[in-house]
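1. Coordinates for the following, if possible.
(chains A, B, C, D, E and F)
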Protein chains: 6
Amino acid sequence: MDKLTGFEAFDEVERLIVVAAHPDDLETMCAGTIYRLAQKGIKVFSVNCTLGDIGTQEPDFTRPVLASTRLAETEAAARILGIEQTYNLGHHDGELVASLELRAQIARLYRITGADTLWTFDPFWTGQIHPDHRAAGQAALDAYMPSKMPLYRPEQLNEPGACLGCLEKVFFFSTAREPEIFVDVTAQYKTKLAACVAHRSQFPKGEESLEWMKVLDQKSGEAIDTTFAETFKSIRVW
Amino acid sequence: MDKLTGFEAFDEVERLIVVAAHPDDLETMCAGTIYRLAQKGIKVFSVNCTLGDIGTQEPDFTRPVLASTRLAETEAAARILGIEQTYNLGHHDGELVASLELRAQIARLYRITGADTLWTFDPFWTGQIHPDHRAAGQAALDAYMPSKMPLYRPEQLNEPGACLGCLEKVFFFSTAREPEIFVDVTAQYKTKLAACVAHRSQFPKGEESLEWMKVLDQKSGEAIDTTFAETFKSIRVW
Amino acid sequence: MDKLTGFEAFDEVERLIVVAAHPDDLETMCAGTIYRLAQKGIKVFSVNCTLGDIGTQEPDFTRPVLASTRLAETEAAARILGIEQTYNLGHHDGELVASLELRAQIARLYRITGADTLWTFDPFWTGQIHPDHRAAGQAALDAYMPSKMPLYRPEQLNEPGACLGCLEKVFFFSTAREPEIFVDVTAQYKTKLAACVAHRSQFPKGEESLEWMKVLDQKSGEAIDTTFAETFKSIRVW
Amino acid sequence: MDKLTGFEAFDEVERLIVVAAHPDDLETMCAGTIYRLAQKGIKVFSVNCTLGDIGTQEPDFTRPVLASTRLAETEAAARILGIEQTYNLGHHDGELVASLELRAQIARLYRITGADTLWTFDPFWTGQIHPDHRAAGQAALDAYMPSKMPLYRPEQLNEPGACLGCLEKVFFFSTAREPEIFVDVTAQYKTKLAACVAHRSQFPKGEESLEWMKVLDQKSGEAIDTTFAETFKSIRVW
Amino acid sequence: MDKLTGFEAFDEVERLIVVAAHPDDLETMCAGTIYRLAQKGIKVFSVNCTLGDIGTQEPDFTRPVLASTRLAETEAAARILGIEQTYNLGHHDGELVASLELRAQIARLYRITGADTLWTFDPFWTGQIHPDHRAAGQAALDAYMPSKMPLYRPEQLNEPGACLGCLEKVFFFSTAREPEIFVDVTAQYKTKLAACVAHRSQFPKGEESLEWMKVLDQKSGEAIDTTFAETFKSIRVW
Amino acid sequence: MDKLTGFEAFDEVERLIVVAAHPDDLETMCAGTIYRLAQKGIKVFSVNCTLGDIGTQEPDFTRPVLASTRLAETEAAARILGIEQTYNLGHHDGELVASLELRAQIARLYRITGADTLWTFDPFWTGQIHPDHRAAGQAALDAYMPSKMPLYRPEQLNEPGACLGCLEKVFFFSTAREPEIFVDVTAQYKTKLAACVAHRSQFPKGEESLEWMKVLDQKSGEAIDTTFAETFKSIRVW
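-> Residues are numbered from 1 along each chain as shown, chains lettered A, B, ... in the order given. Sure, this is the predicted structure:
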């Protein structure tokens, strides 16, 4: 694996949209890089497709209460990271489907955020065992093309500030399909941990619940001789 | 309209299941009669098909928070009325569909509650303008037949206490299609109002927000020369 | 209820298609009239939308075995009644949906049988508690219009002998919505019973299991001063 | 049938939305009354749910060419009648389904037109044999309630000029379910015919192809002692 | 391709669930290994998603009769192999879809069998041309995660003996995507052939119809210097 | 990448069916090879799954008008290339789904064309960003198996000239997943360009709009030391 690049892969980003499946996906997988971008003044828009409403082993949660909790945790984490705005598409956790409706919901966000860059789950990674992750990535990728066509869901273009989809770059996270971008997030790691810990319902013991993530990020760090790194893969779009 | 009957129409009920669409449907439409039944020792099971999660004009609610609030209000009202158990089927408000999935969810409840009597919305009333009401009534009626057949969703019969559907009587509420049962609920009206007021998110001014209901119940009361009545229509099943 | 008519309502029928939901629907509801028509040389085509594969209380049937049994029973009954051909659309019992696919399946049969007359369940009868009956009737009615349009599923018109839909008359059975056609089937009743009894899986005690039907047909018979009658309702089509 | 009313039933209308299924539905069923309203300065918005793309017996049309033709005919007719704006929802003719997607498309139009009054097909008329007509009427009625709730498809409220659904009155056309409004359109009949004839693909012989409509309108006219009338039925909404 | 492992890959298996698409998939692809496991006392649960009801070139089968036949053949083969229990999910052959419903059906079986190990089709193998195989493998993999969450289809957990999903290992069969497990089944081959031949409807000439399978298994055998082998690929789950 | 083959890969083709997503897919991706085959007398059948009805940046097109235009352009291109017949499956551009309905539509064409060879999009190429391309390829591949089974959609076999699916070879185009067939189309390039330019709505500046294609084909040409080449990948079927 040669020709690795680092943070400079995102030099031209001005408006970034991140399409994830559950509250805490963005945080655990790319909070460090997001924080670096936000610090540079880049606008970051966070999209969670599901409410995360089965994400607990605690028997005393109802699904709506869990969903409410996780929406609040998402806002708290977003404030820590400097995220411009968060969106939740309201689907049920564990049952996300890359439907035409989800595609249209995501295309709308490409149009109203005017994002130039997309990050999402790699829908093609054959090690991805979470169906919601695959569905989110697939729908996000599939929304790319139609979002650029004026006759696709034209009412979306009426919303204030909306424009034709103008994404120019697409990157995948959560992939072992030969990622080629390794971003050093050592200096941001404390902030990443804080954003993750804001998801208290997921990590009830705080940092202690996040050992697995540190191990992953350390392993990525080794590839570029640093302590912690996050990884990405680009896909050529046209 | 002759041959009206009253509370005696429910003399043989031992286990009643009520299938409604939203939190507060049961309370506003039949809480008085339910309270009379519960006082007699009848087991009453309450089913709401949706979360009621668009039911507000207040702009500061998110849908999951509203849903959580309404689940809690439903429990409070159920305690006032002496309802045995409440179920919420988790569908989104304003988008209930009488799908095969909803049918199966309801059939399961017929089987595990062992109810002998069903109350639900009249799916055939041509004045019904709320699509969720129609969908709830339709699915509840459509679940009647299959619930009695052992080869329909047989796994439901494995649950503890489950039996083949044993509904024997079906009644509709919320119908102007010549209801023939008028139940005097004058003595229960204070309790009915309390159960309704428990839905604070819906009736923010308490009893004052329920004038419309009192008018309806008074008009029904006139038909049997009492102050307040609730009305029902039976459908012959086989 | 005046202006009743009798068997003459079907004087102009040459090719009749009957769309039912389950094996034994046609037989119990209109076998007498069908036999009268078949005796006259009318071609009768029988369509069952479902396999009838939950139709038993016997725990030792699997669904495919029950379906196989009922297909065979349908053929036996058809031979007794002189039915030209039977079709089964393969849907699961208890879960029939008036989908576009079902509509297309039925429209195809209108086109390849060249039927001039349709009999089906009354989808509008508010006493109909079996969802499959309503779905069959609805889909059969909804297929009427499109079957007449060349641009609707045009490949159907390629099949040998197929023509544009040429239904001219539509009648409903299984309705208490003021049926106005009462057909005397007293002379055919023995044959009707034989056709029903051919559905041994449904009527394991033979004629004894069919007392309910005899009661219904006798009650219909009273309206026209005969022993047994079957009833129908016409709907104006254009 | 007493207590008939006439054109005064629409005295309070200021913004009218008409939801039909096919190009030419609005024109043949209510063009006279629409023209009367438009002459008074009422804003009329016309919605066709389908493209009308199987509506021909001519074998040399493809579906897209037929659709294009009918869109143009709709515009021509709208100019004759003084209709403010036409919308086509793009569904295929003969296959309209009262889906959640159609409901949302229609709710959006309630919100962006700010209509106070809805006219649509009577979804409950048991003589309605065209499935598209029933689907259009059902979806239009089912969109009424959700369109008034801020948490239902909230993005629709971002469009310029959009407001919460503010429909106050709903009327059905194409119904024999005891219509109680009979509007004299004798003085407008020439214009009605012109608007219909603009649908050349449907009425290739011009007025001669419209004899059936004249018969219907004359029959309605008889009820109020005039030459031509159009009929409507109101439904109470809340 | 180094680091091949053999039967020891399954050393820790105690309860194995095999999710296939059609009767005879399990037998032709892994009967040898299953027999070895069953001989060791491992509980093996067999799941077929479809009825296999288009699986014949014989024109005299109806679909239900073919389905019935294949269910019986499956039981016969299961007895030969020592399989604990078989399940058939009732879907139609040639039309299996990795729907949420199928996912839930499979998750339920993970929960009520208490399986620790899953074998299924590799949904990611790009040489897989049978859509049912891909759908079965996809749904089986996608059911893994939700089956472990208490708020996912919680009613499944009420069934006697049911527990939260406790799968710990997942393996794919029918894959050329670098399988790394080669199990010597030479000693079990006679039994494997017997189990396959039990599917008489599929292999009407008995062993002669199974030459293709022997060729495949021999080719796999060559990789580990034995006569016959079956191959698997593991996927890391968490 | 060794063992490249050329045009001889298609030596045995007699009847070729090409399943694409949009008008102009076939032309830009394989018109040269198709023209070579047609010149040899091979029958070529072209299938477009969608109408291509969002394929423009021009704001003055309606979707039906664009669709009509593109159907005509497809016919013009087909005449240039010597294509036997074109089919359009009528789906909306940007929203193609590999549904069971699409599978059946394509299987029908395998059966009525009697094609021995299929070309379609590679559904497994992880660089494919257009969802319609993936859907077309997936559905075309998934139709292969069922088309060969008599009990799958048996009515299709009634059409004149229809036979059981007899595809023997499947090839993918539009793939960077190690294509191994490189066809020299230098001598056919003028014709390829003419067929592409026939899609005037897509390439308003004629050949100038097709520079990107020439670059691709030149790059493919380099691999076999010629000016222009088109590439394919075979998949083993059974």
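2. How about A:M213, nearest residue that isn't a chain neighbour?
-> A:T28 (5.2 Å; Cβ to Cβ, 6 or more residues apart in numbering or on different chains). Heads up, the C-betas are built off the backbone N, CA and C, glycines and all.
3. Tell me if I am right that the one you found is in a helix.
-> Yes. The assignment for A:T28 (DSSP: H, G, I helix; E, B strand; the rest coil) places it in a helix.
4. That one and chain E, how far apart?
-> Distance, A:T28 to chain E, using Cβ to the nearest Cβ, to the nearest Å: 13 Å.
5. What of A:D116?
-> Distance, A:D116 to chain E, by Cβ to the nearest Cβ: 31 Å.
6. And for A:A223?
-> Where chain E is concerned, A:A223 sits at a distance of 19 Å (Cβ to the nearest Cβ).
7. Kindly report the same for A:L16.
-> In terms of Cβ to the nearest Cβ, A:L16 sits 27 Å off from chain E.
8. Next: A:G114.
-> Relative to chain E, and taking Cβ to the nearest Cβ, A:G114 is found at 34 Å.
9. close enough to count as contact, that residue and A:C166?
-> Yes. Counting by Cβ atoms under 8 Å, A:G114 does reach A:C166; the two are 6.1 Å apart.
10. more neighbours, these two?
-> A:G114 (18 against 14; other Cβ atoms under 10 Å in any protein chain shown).
11. in chain A, what residue is nearest chain C?
-> Closest contact between chain A and chain C, by Cβ to the nearest Cβ, is at A:L100 (16.3 Å).
12. Measure how buried that residue is and give me the count.
-> Neighbour count of A:L100, defined by other Cβ under 10 Å: 20.
13. can you tell me which residues contact it?
-> By Cβ atoms under 8 Å, 6 or more residues apart in numbering or on different chains, the residues touching A:L100 are F:E95, F:V97.
14. is chain D contacted by whichever strand or helix holds A:N48?
-> For A:N48, the host element (DSSP states H and E) is strand A:43-50. No. Strand A:43-50 does not reach chain D (Cβ under 8 Å from any Cβ of the partner chain); its nearest approach is 13.4 Å.
15. so what secondary structure elements neighbour whatever helix or strand comes next after that strand?
-> Sequence order places helix A:63-81 as the next helix or strand after strand A:43-50, per DSSP H and E. Counting contacts by 3 or more Cβ pairs under 8 Å, 6 or more residues apart in numbering or on different chains; DSSP states H and E, helix A:63-81 is packed against helix A:25-39, strand A:43-50, strand A:85-91, helix A:189-197, helix B:63-81.
16. Quick one: mean pLDDT for helix A:63-81?
-> Helix A:63-81 shows a mean pLDDT of 98.
17. go on, stretch A:14-33?
-> On average, the pLDDT along stretch A:14-33 is 98.
18. Tell me the buried residues in it?
-> Neighbour-count burial for stretch A:14-33 flags A:15-33 (criterion: 16 or more other Cβ atoms under 10 Å in any protein chain shown).
19. Same question for stretch A:110-124.
-> A:110-124.
20. Check stretch A:157-169 too.
-> By neighbour count on 16+ other Cβ under 10 Å, the buried set for stretch A:157-169 is A:L157, A:E159, A:A162, A:G165, A:L167, A:K169.
21. quick one on the thing from earlier: need the phi and psi values for the residue of chain A closest to chain C.
-> phi -60, psi -30 (degrees, to the nearest 10).
22. Tell me the pLDDT of it.
-> What the model reports as pLDDT for A:L100 is 98.
23. measure it to E:L118 for me?
-> A:L100 sits 31 Å away from E:L118, going by Cβ to Cβ, to the nearest Å.
24. Name the residues of chain A found near chain D, please.
-> Chain A comes close to chain D at residues A:E101, A:R108, A:E155, A:Q156, A:N158, A:E159, A:P160, as judged by Cβ under 8 Å from any Cβ.
25. In helices, which of those appear?
-> The helices, defined by DSSP state H, take in A:E101, A:R108 from the residues of chain A next to chain D.
26. Nearest to chain E, out of the residues of chain A next to chain D: which one, please.
-> Of these, the one sitting nearest to chain E (Cβ to the nearest Cβ) turns out to be A:E101, at 14.0 Å.
27. mind listing what that closest one touches?
-> So A:E101 contacts D:E101 (Cβ under 8 Å, 6+ apart).
28. Relative to A:P131, how far out is it?
-> From A:E101 to A:P131 the distance is 17 Å (Cβ to Cβ).
29. And for A:L157?
-> 32 Å.
30. mind checking the backbone torsions on the closest residue to A:L26 other than its chain neighbours?
-> Among residues not flanking A:L26 along the chain, A:A20 sits closest, at 4.8 Å (Cβ to Cβ, 6+ apart). A:A20 adopts backbone torsions of phi -120, psi -180, taken as degrees, to the nearest 10.
31. A:A20 contacts A:T120, doesn't it?
-> Yes. If you go by Cβ under 8 Å, A:A20 and A:T120 touch, sitting 7.3 Å apart.
32. Give me the common contacts of these two.
-> Common contact partners of A:A20 and A:T120 (Cβ under 8 Å, 6+ apart): A:A136.
33. per-residue pLDDT, the residue lying farthest from the centre of chain A?
-> Most distant residue from the mean C-alpha position of chain A: A:D60, 28.5 Å away (Cα atoms, centre = their mean). Per-residue pLDDT puts A:D60 at 85.
34. For chain A, which residues are neighbours of chain E?
-> Contact residues (Cβ under 8 Å from any Cβ) of chain A with chain E: A:53-57, A:59, A:61, A:63, A:66, A:94-95, A:97, A:126-127, A:129-131.
35. Select only the buried ones of these in ChimeraX?
-> A single ChimeraX command is used to select the members of these judged buried by 16+ other Cβ under 10 Å:
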select /A:53,54,55,56,61,63,66,94,95,97,126,129,130,131
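36. Which of the buried residues of stretch A:110-124 fall in helices?
-> Using DSSP H, the buried residues of stretch A:110-124 in helices are A:Y110, A:R111, A:I112, A:T113.
37. pLDDT and distance to A:L4 added to those residues, as JSON lines?
-> Listed next are those as JSON lines, based on pLDDT from 0 to 100; distance: Cβ to Cβ, whole Å:
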{"residue": "A:Y110", "pLDDT": "98", "distance to A:L4": "28"}
{"residue": "A:R111", "pLDDT": "98", "distance to A:L4": "33"}
{"residue": "A:I112", "pLDDT": "98", "distance to A:L4": "34"}
{"residue": "A:T113", "pLDDT": "98", "distance to A:L4": "29"}
